[in-house]
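Q: missing the sequence, but the structure's below:
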């Protein structure tokens, strides 16, 4: 059993920053890729970023490159998403997810096996 718990969401003005955290517990995810997805009202779930526990390789969707940074704290079994220069279009519920490492870098939500409950990020203009 695996549990993923997101935190750190909130309301921020455009240009501001937030840091999301995903705490993992349960069985080991050492051979998994950890990803962040987001979903705005009426929209499909969208890949944001991912990091492999195995080799630390990171992946980003084009719209967040240069603004968001994904990182992992292996000792704390936590994955972070630092979001800078936030824009109103970043407003969404953000989800943490885990996929087997052979799907490393996958943008497809169906490859991700475990999901958190989500945390709301709202960016005001």
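A: All right, it came through fine. Keep in mind it's a predicted model, so treat the numbers as computed, not measured. Numbers count the residues shown, from 1 in each chain.
Q: pLDDT below threshold where in this protein?
A: Within the chain, no stretch has pLDDT under 70.
Q: so residue 94 sits right up against residue 81, yeah?
A: Yes - judged on CB atoms under 8 Å, residue 94 makes contact with residue 81 at a distance of 7.2 Å. To be clear about C-beta, it is placed using only N, CA and C from the backbone, and glycine gets the same treatment.
Q: Now list whatever residues contact both of these two.
A: Taking CB atoms under 8 Å, 6 or more residues apart in numbering as the criterion, residue 94 and residue 81 both touch 20, 36, 48.
Q: Switch those over to TSV; also include secondary structure, neighbour count and distance to residue 123.
A: TSV is the format used below for the shared contacts of residue 94 and residue 81 (DSSP: H, G, I helix; E, B strand; the rest coil; neighbours: other CB atoms under 10 Å; distance: CB to CB, whole Å):
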residue	secondary structure	neighbour count	distance to residue 123
20	strand	24	13
36	strand	27	16
48	strand	24	14
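Q: Many thanks, we can stop here.
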